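K.L.:
sequence and computational prediction follow.
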Amino acid sequence: MVEPVETHGLSVAVEEIEAHVAGDGWDQPARLYALARTRDLIVREPGLADALGLAGDPDEIDDEALTPVEQEHVPVDRSLEEVLEAITWPAEVFGCAVVVERLVLPPEADADMPDDPAEAETYAASHPGREDVRMIAAVDRDGGRWCALRLRSHDEDKAVVTGPDLVPALLDLLSTTLMD
């Protein structure tokens, strides 16, 4: 297991993504973001400075500041895991983030979970203890990891839970997309 590392830039980027996605409501498809170092992005694309509200000298931008860039056309005909296994990012991408909604059940529901995937899906969707969760997981090339979780039943900004290792398997999968 990778020891989680918190970076200020990564946690701020996750908060920005979470707030943006929350504004679109629930029942959204998975979303994928490249995370670029803001200073590097402005140096490469000076015209973006005004759009990002960062007019001025790029050297004055915080070293850890990251800009999320949503990726268009995330395939919906494959599982998120299959999509992530097929992705590699160019060196200009410092990190990446994914947003996914999942249905979770209490641990005691496992005992009655059907083996058949279709039956299991029906079982989960009708279980009285089910909970809709939106997860945002992000990693960077320096080993940074950060997550945010929002429950549909507590759909308030102040109820969002954050931390460096809330969804370790998803973070590990994301980390593989940054490997050479």
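P.N.:
Right, received. Where do you want to start?
K.L.:
now for the lowest-mean-pLDDT helix or strand in the chain, which elements pack on it?
P.N.:
Counting by mean pLDDT, DSSP states H and E, the weakest-scoring helix or strand in the chain turns out to be helix 48-51, with a mean of 74. When contacts are defined as 3 or more CB pairs under 8 Å, 6 or more residues apart in numbering; DSSP states H and E, helix 48-51 packs onto helix 38-44. The way it works is simple: take the backbone N, C-alpha and C, and place the C-beta from them, glycine included.
K.L.:
and the helix it packs on, what's buried?
P.N.:
Of the residues in helix 38-44, those buried by neighbour count under the rule 16 or more other CB atoms under 10 Å are 38-39, 41-42.
K.L.:
show me the contacts for Tyr33.
P.N.:
If a contact means CB atoms under 8 Å, 6 or more residues apart in numbering, then Tyr33 has 17, 68-71, 96-99, 138 as its contacts.
K.L.:
restricted to helices, list these.
P.N.:
Among those, the residues falling in helices (DSSP state H) are Ile17.
K.L.:
which of the contacts of Tyr33 count as buried?
P.N.:
By 16+ other CB under 10 Å, the contacts of Tyr33 give 17, 68, 96-99, 138 as buried.
K.L.:
in strands, which of those residues fall?
P.N.:
By the criterion of DSSP state E, membership of these in strands covers 68, 96-99, 138.
K.L.:
wait, what's in contact with Leu10?
P.N.:
Taking CB under 8 Å, 6+ apart as the contact definition, Leu10 lies against 35, 64, 66, 95, 138-140, 144-146.
K.L.:
tell me the one of those residues nearest Ala51?
P.N.:
Closest approach to Ala51 among the contacts of Leu10 (CB to CB): Leu66, at 15.8 Å.
K.L.:
thought the closest one was touching Phe94?
P.N.:
Yes - using CB atoms under 8 Å, Leu66 and Phe94 qualify as a contacting pair, with a distance of 6.6 Å.
K.L.:
identify the contacts common to these two.
P.N.:
Common neighbours of Leu66 and Phe94, using CB under 8 Å, 6+ apart, are 35-37, 140.
K.L.:
most neighbours among those, please name it.
P.N.:
For the shared contacts of Leu66 and Phe94, neighbours were counted by other CB atoms under 10 Å; the highest total belongs to Leu35, with 27 neighbours.
K.L.:
quick one: contacts for that one?
P.N.:
Taking CB under 8 Å, 6+ apart, one finds 10, 13, 66-69, 93-97, 138, 140 in contact with Leu35.
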